[in-house]
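Undergrad: quick one, fold the following:
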Amino acid sequence: MTSSRSTTVVLDGLCFPEGPRWHDGRLFFSDQHDHRVVAMDPSGNAETIVEVANQPSGIGWLPDGRMLVVSMLDRMVLRLEDGQLVEHADLSVYAPAACNDMVVDAQGRAYVGHFGFDMYGGEKPEDASLLLVLPDGWVSVAAHGLQFPNGMVITDDGGTLIVGESMNGHLTAFTVAADGSLVDRRDFAQLPGSVPDGICLDADGAVWAACPFTGRCLRVAEGGEVLDEVKTTYDSAFACMLGGDDRRTLYICTAPGHVPEEARRARGGRIETVEVDVPGAGRP
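TA: Modelled structure (predicted):
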């Protein structure tokens, strides 16, 4: 049984916040259409960490603490070295259009999704893949035939990866093999009428899924039961992350829209929060 919760806005004036990650006591996220990665403390004080000319999306960290950032438009993963971004991996051979979200496991292996087609250019939707980037930058295809792979999580034991397929309303699970490849594809949950975007995992094994165009974040159990719901100030919630000292603060990235030019003009993006009962778990 769900209980509807409302949020508090802790930061606004952003273009389009995406890819939130809780790291070292702060929320890191990409202000995608403002071409920068931002870090925000729990009080809402924010600073730009690095600018990304070709539009940042997913972010994560190698085991030694160096940050990785997906550069969407040139289809690369960049690595932050002494305040400068350098190439970590070139994804362009496998990604025909913009790259998107990313999750990095405990070994530093990065899983990156891509659109599969030029969404803003009006192309017809095409299936896409999840790409595996090893810590040395070697790239391969981890999974084929996904419909707009988006937010991802990896369970605490490193054994399962769950990805939101935005264009078919599914949360899809894979077993992570010892070499990082993804096998045993299966449904985690179906969300009819919803578009799962950014997701995060809690300690009970449920997934929080931000659902654009509905103004909701849903807490979903394996099998599809909706356990809880959060309503945001906009009709579009694009990503979420459990953070705070006890990992019980749900941070939600919202904006009035996602079209780049409109987002830059409106600067209506927000970080919203709500306290929840079950703490975060897994990666990110």
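Undergrad: from now on I want contacts and neighbour counts done on CA atoms only, so please keep to that.
TA: Noted.
Undergrad: need the contact list for Y234.
TA: Residues near Y234 by CA atoms under 8 Å, 6 or more residues apart in numbering: G215, T254, A255, P256.
Undergrad: assign it to helix, strand or coil.
TA: coil (DSSP: H, G, I helix; E, B strand; the rest coil).
Undergrad: before we move on, the earlier item: with pLDDT added, can I get the contacts of Y234 in a markdown table?
TA: Output for those, formatted as a markdown table (pLDDT from 0 to 100):
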| residue | pLDDT |
| --- | --- |
| G215 | 84 |
| T254 | 96 |
| A255 | 94 |
| P256 | 90 |
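Undergrad: which of the residues you listed fall in strands?
TA: Judged by DSSP state E, strands contain the following of the contacts of Y234: T254.
Undergrad: most neighbours of all the contacts of Y234, which one?
TA: T254 (31 neighbours; other CA atoms under 10 Å).
Undergrad: OK, contacts around the closest residue to it other than its chain neighbours?
TA: Using CA to CA, 6 or more residues apart in numbering and skipping the chain neighbours, the partner closest in space to T254 is A237 (4.5 Å). By CA under 8 Å, 6+ apart, the contact set of A237 is A210, C211, P212, F213, T214, G215, R216, C217, I252, C253, T254, A255.
Undergrad: one more: C240?
TA: Counting by CA under 8 Å, 6+ apart, C240 touches 19-20, 198-200, 208-210, 217, 250-253.
Undergrad: which residue is the nearest non-sequential neighbour of it?
TA: Nearest in space to C240, with sequence neighbours left out and distances taken as CA to CA, 6+ apart, is I252 at 4.3 Å.
Undergrad: about what we covered before: which of the contacts of A237 ranks first by neighbour count?
TA: Busiest of the contacts of A237 [other CA under 10 Å] is A210, holding 33 neighbours.
Undergrad: checking my notes, it in a strand, right?
TA: Yes - A210: assigned to a strand according to three-state DSSP.
Undergrad: name the helices or strands packed onto the helix or strand containing N100?
TA: For N100, the host element (DSSP states H and E) is strand 99-104. If contacts are counted by 3 or more CA pairs under 8 Å, 6 or more residues apart in numbering; DSSP states H and E, strand 99-104 sits against strand 56-61, strand 67-71, strand 110-114, strand 149-154.
Undergrad: hmm, 6 Å instead?
TA: strand 56-61, strand 110-114 (3 or more CA pairs under 6 Å, 6 or more residues apart in numbering; DSSP states H and E).
Undergrad: strand partners (parallel or antiparallel) of that strand?
TA: Next to strand 99-104 in the sheet, as set by DSSP bridges, lie strand 110-114 (antiparallel).
Undergrad: which other helices and strands contact the next helix or strand after the strand it pairs with?
TA: Per DSSP H and E, the first helix or strand lying C-terminal to strand 110-114 is strand 128-133. Counting by 3+ CA pairs under 6 Å, 6+ apart, the packing neighbours recorded for strand 128-133 are strand 110-114, strand 139-146.
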